[in-house]
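1. next come a sequence and a model predicted from it.
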Amino acid sequence: AATGRSAPEDVLVVGFDDLRGARWLTPPLTTVRQPIREMAAAAVTALAEAAGGAVLAPSPIVLPARLIPRGST
């Protein structure tokens, strides 16, 4: 690299969303995988409740994310 540093020897790199190409990079990119299906289901549930007249209080919905370790860490 231009700075003379490389992953994972000098710098640890972590991506987000576990994009399909992450595993094919050199080195393969460690990433965080979000629970997309569960996020969509929570959003649809909230929309259905709001459409039914429910008043939704702003509150966080916490879903577990997973670290997918690969070669960049």
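-> Received it, and whenever you're ready, just let me know what you need. Residues are numbered from 1 along each chain as shown.
2. wait, Arg66 sits on Arg33?
-> Yes. Between Arg66 and Arg33 there is a contact under Cβ atoms under 8 Å: 4.7 Å. Yep, even glycine has a C-beta here, placed from its N, CA and C like the rest.
3. now for the closest residue in space to Thr31 that isn't next to it in sequence: which residues touch it?
-> The shortest distance from Thr31 to any residue other than its chain neighbours is 4.1 Å, reached at Gly15 (Cβ to Cβ, 6 or more residues apart in numbering). Neighbour list for Gly15: 22, 29-32, 72 [criterion: Cβ atoms under 8 Å, 6 or more residues apart in numbering].
4. contacting residues around Tyr35?
-> Rather than Tyr, residue 35 is Pro. Contacts of Pro35 by Cβ under 8 Å, 6+ apart are 63-65.
5. before we move on, the earlier item: what subset of the contacts of Gly15 is buried?
-> Buried residues within the contacts of Gly15, defined by neighbour count using 16 or more other Cβ atoms under 10 Å: 22, 29-31, 72.
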